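Q: got a predicted model here, sequence first, then my questions.
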Amino acid sequence: MQSVLIVDDEKHTRDGLVAVLSDDYDVLAASNADEAVRLLDAEEFDAVVTDFRMAGKSGLSVIDKAISLPSKPACIMLTAYGNVETAVEAMKRGAVDFLSKPVDVDRLEKVLAEALKKREERRLEEKRALAERVESARKAKKHAAAAAVAGGHFELGDIIANSPKMREVVDRATQVAHSKATVTLTGETGTGKELIANLIHASSPRADKPFVPVHCAAIPSNLLESELFGYEKGAFTGAVNRRIGRFEAADGGTIFLDEIGEIDAATQVKLLRFLETKTLERIGGNESIRVDVRIVCATNRDLKGLAESGEFRADLYYRLNVVEIKIPPLREHPQDIPSLLEAYSDYFAKENSAAPVKFSAAALDALKKYPWPGNIRELRNFCENAVVMSPSREIGIAELDDRFKNPAPFPAAPKPPSGVPELPMPTRRESEDALIKRALEAAGGNKSKAAEILGISRRTLYRKLSPRSGDI
C-alpha cells in the first residue's frame, strides 16, 4: 500500500484527511513542519500533503525536505491563504499541485492518485534505465577481464580500449569501483577522465544513485563553495531561497570533481573537513548534514608538486589520492586511434545526417604518428570537422592539414643533470606551455577553440596565459 504523510496544525483538518485517505493509503500525520521532517528522515513516503501556513515553519520547508530526499515523494500544498505567489513558490520548490482550503476531498483524491501514478511511472523508467546501466557495467567488467587475458577489444560507450595501456586503465577502474575509496584520475586534458569516472560509478554498488559532475575550473571561485555545499535562505545577498549543494544532490551516489587542482584555499578547507567527518554545513547554516557520497576527482596538474610547493593542501592531497589512476595521453596508445576515428566518424555522421568518412592507409598512418596535444577531445573535434566539411567521404593523405603531414615531435620532459633530483613543477609547467602553444597553433590563434581543444574553460586558459603572455 502506498504511504502518505499529512502535515497540518489544525487537528480537525488533519484527522479528517487521515480518515478520508486511510481506506486507500497507509497514512501518517504530523502537526508541524519539524515533526514532518523527523518522520521524513525516519520513513519513506510516496506522497506528502502539507498545509502552507502553520505555527513555526511553513509547509515550504516540508517540501524542501521531501524534494531533497533520494526517493522524492509527490508533494501537494494546501492553504486557506491561497494566492498566485504562494502557488508559484510551492511549484518552484517541487510541489506537483496546489489546492485551496476548505479541501475539496474529491479533488484531492483525484490529484493525489494522478501524482502517485506519474511518480510510479518515473520510478519504473528509472529502474529500467538502471537495469540497463547495471547490465552494461556487468558486461563491461566481464569484457575487460577477458580483454586483459586475451588481448581483445573492450568498449563501453565512448571508451575504446584496444591497447594494453587503456585496458589497464579499465581494469583498475572496474576493480576500484566496488570499494568506497576516493579515486584521483590524472592525465592530460582531453584524455577521457570523465568517461572513466562514469565507468567507476556505473560499475559500483552506487550505480542506481546520482552521478553528479562538477567542473571546478568553470565555476568562479567565489561561487564554488555555495555550489558544492549549498546555502540557506538569507545567507548572502540574492539567497532568497535555500539551495542544496552538489554534495547533497549526490547523496548515495558519486560526485566527480573535475580540475580539482583549481579550487581555492577556502574550499579546500571545507572539502577536507567533509572528507574527515562525512558531514557538511550549508553556507549561512549551523546544521551538520551527513552525506554518503563517493568522491572521484580529476586533474591535469601535478597535485603532489602543488602540495609540496604549498599551492594545494598536503593533507587534502593525501585524503584525495587514496587510489590514483593515470590515464595515458593518446600519443602513448596510438593503437586505439583507428577505432576512435571510426566511432566518432559514425557518431557525427548520424548527428548530421551524412555518410561517415573513411581514411586511407596513408592517412591513418599519419594520424597515428601525430602527437594529438588535445588528446581524444582534439580527435573528436577533428572527426566532426571531417564529417561536416570534407567534400569527399574518402580522406587521403592529401586532404589532411599540414599539421598531420609533418608533425613536430612532442616535447620530451627535460632530464635533470646527473645527481640532481627532478623538480616536478618546472617539468609540468614546461610541458603545459608546449601543450598551450600547440593548441593555439591548431586553433589558428583562436583562444576559445584552443581552450576547447585543451578541455579547459576560457577563463582557465586566460589565467594560464596572463603571467607569461610574452612567451606565447
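A: Nice, I can see it.
Q: could you pull out the strands for the stretch 351-472 of the chain?
A: Along the stretch 351-472 of the chain, counting by DSSP state E, counting those that start in this stretch, strands occupy 358-359, 394-395.
Q: and the stretch 101-250 of the chain, by the same measure?
A: Under DSSP E, counting those that start in this stretch, the stretch 101-250 of the chain gives strands at 154-156, 159-161, 183-186, 211-215.
Q: which residues are contacting the last one?
A: Okay, so that is strand 211-215. Contacts to strand 211-215, defined as Cβ atoms under 8 Å, 6 or more residues apart in numbering, come from residues 194, 197-198, 201-202, 227-228, 246, 249-250, 253-259, 457. The C-beta positions use only the backbone N, C-alpha and C, and glycine is treated the same way.
Q: among these, which ones are buried?
A: Those of the contacts of strand 211-215 that meet the buried threshold are 194, 197-198, 201-202, 227-228, 246, 249-250, 253-259, 457, by 16 or more other Cβ atoms under 10 Å.
Q: how many neighbouring residues does the nearest residue to Met1 once chain neighbours are set aside have?
A: Sequence neighbours aside, Asp26 is the residue nearest to Met1 in space, at 4.7 Å (criterion: Cβ to Cβ, 6 or more residues apart in numbering). For Asp26, the count of nearby residues is 14 (other Cβ atoms under 10 Å).
Q: with Val357 instead?
A: 23.
Q: list phi and psi for Tyr392.
A: To be clear, residue 392 is Ser; Tyr isn't right here. Per-residue torsions, Ser392: phi -120, psi 150 (degrees, to the nearest 10).
Q: where does the stretch 201-350 of the chain have low pLDDT?
A: Of all residues in the stretch 201-350 of the chain, none has pLDDT under 70.
Q: mind doing that once more with 80?
A: Where the stretch 201-350 of the chain drops to pLDDT under 80, the residues are 221-222, 237-240.
Q: quick check, the residue nearest to Met1 in contact with Leu5.
A: No. With contact defined as Cβ atoms under 8 Å, Asp26 does not count as touching Leu5 (10.0 Å).
Q: least reliable of the strands of the stretch 351-472 of the chain by average pLDDT, please.
A: Of all these, strand 394-395 carries the lowest average pLDDT, namely a mean of 91.
Q: so how far is it off the chain centroid?
A: 37 Å (Cα atoms, centre = their mean, to the nearest Å).
Q: likewise stretch 31-44?
A: Stretch 31-44 sits 30 Å away from the centroid of its parent chain (Cα atoms, centre = their mean).
Q: repeat for stretch 305-325
A: In terms of Cα atoms, centre = their mean, the centre of stretch 305-325 is set 21 Å apart from its chain centre.
Q: Gly230: what's it in contact with?
A: Arg242, Arg243, Ile244, Gly245, Phe247, Glu248, Leu280, Arg282, Ile283.
Q: do that again at 10 Å, thanks
A: 68, 242-249, 280-285, 289 (Cβ atoms under 10 Å, 6 or more residues apart in numbering).
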